[in-house]
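Chemist: Following is a predicted model, sequence given first.
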Amino acid sequence: MILDESAIARRALPLLDLTDLGDACSEAAIDTLCRDARASAVAAVCVWPHYVGRSARLLAGTPVRIATVINFPAGGDDIERAVEDTAEALADGAHEIDLVLPYRAFLAGDFETARAMVAAVREACAGGALLKVILETGALGSPEAIEGASRLAIAAGADFIKTSTGKSPVSATPEAAEAMLRAIRDHAGPRIVGLKVSGGLRTIADAACYLGLADRIMGPAWVSPRTFRLGASSLHATLVAAVNEAAR
């Protein structure tokens, strides 16, 4: 089957969380990230907490949302710290919180710590911020563990469940995304819960794979920026080039 790359790119670009969580991130890099976000009308930028205020100023008056990471990337179990960091990020202008689930605690059978952190950060986001819970699916490993973590995060109040930090040896995989989508379909009930696929997406074919999974499991009308995100900054230039090429 031949991919219609321009059609996929037009669909994927508004779903992108344009991200810089690199160790060498700088103010200049954030300026470039926000400039690209404005030009491409992506869903959000995702930045380190100390760059939230700068990003908010640069993107003021645009629909591009500001996301930041909490308990990242280690996924520790300090609930009080996670809540404090969330409150600070929201005060600085964040609209979305990407929280790493205490996945080691979850794997050790300490489900209550994992649940309690998600619930506490959910409460801190009560003013309307979106909560995305990063499961670190490469560490969870099996579809059963991924589905169990997905159910826990959904029950504790996640607005999105997200595959990966992008810092682990194994990031997003179609198998993990399928388990997460099935958990959303079967356990979210009337709530809107979305999926963010993050880590390892490089090509338009990768984007097409995950969009196809969402269409198959959730239905072709389900995907929107409120329900589906791609955390794939390395894909940004490729998507823009495909859209521009089709417009010529």
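Modeler: Alright, I've got the coordinates.
Chemist: So which bits of the lowest-mean-pLDDT helix or strand in the chain are buried?
Modeler: For the chain, using mean pLDDT, DSSP states H and E, the weakest element among its helices and strands is helix 236-247, scoring a mean of 90. Within helix 236-247, the residues scored as buried using 16 or more other CB atoms under 10 Å are His236, Thr238, Leu239, Val240, Ala242, Val243. (Glycine included, C-beta is placed from N, CA and C.)
Chemist: Adding distance to Asp77, write those out as JSON lines.
Modeler: Putting these into JSON lines (distance: CB to CB, whole Å) gives the following:
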{"residue": "His236", "distance to Asp77": "34"}
{"residue": "Thr238", "distance to Asp77": "38"}
{"residue": "Leu239", "distance to Asp77": "37"}
{"residue": "Val240", "distance to Asp77": "40"}
{"residue": "Ala242", "distance to Asp77": "42"}
{"residue": "Val243", "distance to Asp77": "43"}
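Chemist: how about the residue lying closest to Ala156 once chain neighbours are set aside, what does it touch?
Modeler: Spatial nearest neighbour of Ala156, chain neighbours left out: Val118 (3.7 Å); criterion: CB to CB, 6 or more residues apart in numbering. Applying CB atoms under 8 Å, 6 or more residues apart in numbering, we find Val118 in contact with Leu99, Leu101, Leu131, Val133, Leu152, Ala153, Ala156, Gly157, Ala158.
Chemist: So the second one sits against Ala149, correct?
Modeler: Which is Leu101. Yes - at 6.2 Å, Leu101 counts as touching Ala149 under the criterion of CB atoms under 8 Å.
Chemist: Find residues that contact each of these two.
Modeler: Joint contacts of Leu101 and Ala149 (CB under 8 Å, 6+ apart) are Ala114, Leu135.
Chemist: Pop out the phi and psi values for the residue nearest to Ala156.
Modeler: phi -60, psi -40 (degrees, to the nearest 10).
Chemist: for the residue most central in space within the chain, helix, strand, or coil?
Modeler: Nearest to the geometric centre of the chain sits Lys196, at 4.1 Å (CA atoms, centre = their mean). Three-state call for Lys196 (DSSP: H, G, I helix; E, B strand; the rest coil): strand.
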